[in-house]
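A.B. asks: sequence below, structure please.
(2 chains)
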Amino acid sequence: AQSVSQHNHHVILSEAASLELGCNYSYGGTVNLFWYVQYPGQHLQLLLKYFSGDPLVKGIKGFEAEFIKSKFSFNLRKPSVQWSDTAEYFCAVHPGFADKLIFGTGTRLQVFP
Amino acid sequence: NAGVTQTPKFRILKIGQSMTLQCTQDMNHNYMYWYRQDPGMGLKLIYYSVGAGITDKGEVPNGYNVSRSTTEDFPLRLELAAPSQTSVYFCASSYSIAGGNEQFFGPGTRLTVL
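C.D. replies: Predicted coordinates for the structure are as follows:
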């Protein structure tokens, strides 16, 4: 079965630290990839997405993600986190022409000043 | 555009009661989805619809029903509420699966069943 794995369940960082959140998926065909963010008490918002082209994707608020097809990965990065980045982050995969997205279980990020 | 709207925002039900969670989108999206979110479990797909009159089960459909009589509305019905249905429910919509199925989410409904 198709699945998405986010290995980091809970990450705690200090402000200005660098961030990398892992995302791996199990699907051998064409995929579209997403990172969503959910700030405390809010709904999910799109952070960035990969459809095709440059595998390094830049999103809002200084986030970026790199699609490495050979590793089935789409890791999220940010060079210097801020307290306002405290949120839950979800990786999602759209395999082929499926009717739905497959979400990972999420990574909770806490950033301390 | 209001995007995806959900009502109510909060609700407390007693075991065995029924209710309908409302979801409306004004983006003329064909695809609509209902998810539940439980702590540490991510998002689980309950039901989805690829257009008016068409619905299909997701991962966790038991205890829920949906209908899609119009493009805009996709209500989720709980017939006999159980404590296991305590969760946060999100509705989402997308225009097309071609090119990626980017989904837009509503603000959520927090449901407690006692």
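
A.B. asks: which residue ranges form the strands in chain B?
C.D. replies: B:4-7, B:10-13, B:19-25, B:31-38, B:42-51, B:54-57, B:64-66, B:76-78, B:87-94, B:104-105, B:109-113 (DSSP state E).

A.B. asks: excluding chain neighbours, what is closest to A:Ser26?
C.D. replies: Leaving aside its chain neighbours, A:Ser26 sits nearest to A:Ser3 (5.0 Å; criterion: C-beta to C-beta, 6 or more residues apart in numbering or on different chains). From N, CA and C alone the C-beta is placed, and that goes for glycine too.

A.B. asks: apologies, that question was intended for A:Leu101.
C.D. replies: Nearest residue to A:Leu101 in three dimensions, chain neighbours excluded: A:Ala92, at 4.5 Å (C-beta to C-beta, 6+ apart).

A.B. asks: kindly state the pLDDT recorded for that neighbour?
C.D. replies: As predicted, A:Ala92 sits at a pLDDT of 93.

A.B. asks: wouldn't it be in contact with A:Gly104 here?
C.D. replies: Yes - the pair A:Ala92 and A:Gly104 qualifies as a contact (C-beta atoms under 8 Å) at a distance of 7.1 Å.

A.B. asks: which ones are touching the nearest residue to B:Phe10 once chain neighbours are set aside?
C.D. replies: The shortest distance from B:Phe10 to any residue other than its chain neighbours is 5.0 Å, reached at B:Arg110 (C-beta to C-beta, 6+ apart). Shown here is B:Arg110, whose contacts under the criterion C-beta atoms under 8 Å, 6 or more residues apart in numbering or on different chains are B:Lys9, B:Phe10, B:Arg11, B:Val88, B:Tyr89.

A.B. asks: related to what we said a few turns ago, check contacts around the residue nearest to A:Ser26.
C.D. replies: A:Ser3 touches A:Tyr25, A:Ser26, A:Ile102, counting by C-beta under 8 Å, 6+ apart.
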